[in-house]
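*Asks:* Pasting a predicted model and its sequence here:
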Amino acid sequence: MHLHLLHGTESGTAEFLCDDLKSVLSGDVECSIASLDDIDPLNMADDRHYVIVVSTFGSGELPFTAQAFFAKIKAETPDLSHVRFSIFGLGDTTFDTTYNYGSEQMMNQMLACKARMIGERGMFDAASNEMPEDVAEVWLRQIISAQTVA
């Protein structure tokens with residue numbers, strides 16, 4: 001299995017989380033990392049599993065590094081039925097009306113393009129006492145295990 005970790009971030013947290021996930025999974029699966037800024041959704045391959053890690057910024061917006069990717073899939077609604085993806089959101093329940101709205105928007109648009117979502121959307125709450133890497137690792141290992149069994 002090849003995981004391609006994609007991050008959309010303002011402050012770097014999603015990027016750092018992808019680095020952490022790659023480090024803890026390196027012995028189990030092949031991983032690569034890229035910014036959503038560097039990905040053309042029309043060129044997404046069918047031989048990998050995309051793990052999108054995206055934060056919510058401002059009043060529920062996607063972070064700057066995810067905006068071009070999102071704008072393209074929203075405007076063009078390409079057929080992404082060959083794409084497998086999972087999504088993990090970074091948010092803060094202090095902003096209850098927009099909590100993890102960035103990942104929700106991205107998830108819904110990927111689904112509108114017929115991409116196949118693997119597992120449930122993972123979410124991290126910055127207002128909790130947990131660390132994002134701990135929450136994300138458990139979430140991602142469950143997704144990997146489910147795919148290995150299937």
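*Replies:* Nice, I can see it. Residues are numbered from 1 along each chain as shown.
*Asks:* which secondary structure elements does the longest helix anywhere in the chain contact?
*Replies:* Scanning the chain for the helix with the most residues, using DSSP state H, yields helix 132-149. Applying 3 or more Cβ pairs under 8 Å, 6 or more residues apart in numbering; DSSP states H and E, we find helix 132-149 packed against helix 13-25, strand 49-55, strand 84-91, strand 122-125. C-beta coordinates here come from the backbone N, C-alpha and C atoms, glycine included.
*Asks:* mind listing what's buried in the helix or strand bottoming out on mean pLDDT in the chain?
*Replies:* Using mean pLDDT, DSSP states H and E, helix 132-149 stands out as the lowest-scoring helix or strand of the chain, at a mean of 89. Within helix 132-149, the residues scored as buried using 16 or more other Cβ atoms under 10 Å are 132-133, 135-137, 139-140, 143-144.
*Asks:* Tabulate the helices and strands packed on helix 132-149 in JSON lines, adding columns for mean neighbour count.
*Replies:* JSON lines is the format used below for these (neighbours: other Cβ atoms under 10 Å):
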{"stretch": "helix 13-25", "mean neighbour count": "19"}
{"stretch": "strand 49-55", "mean neighbour count": "27"}
{"stretch": "strand 84-91", "mean neighbour count": "24"}
{"stretch": "strand 122-125", "mean neighbour count": "21"}
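*Asks:* closest to Lys74 out of the ones you listed?
*Replies:* Minimum separation from Lys74 across those (Cβ to Cβ) falls at strand 49-55, 14.3 Å.
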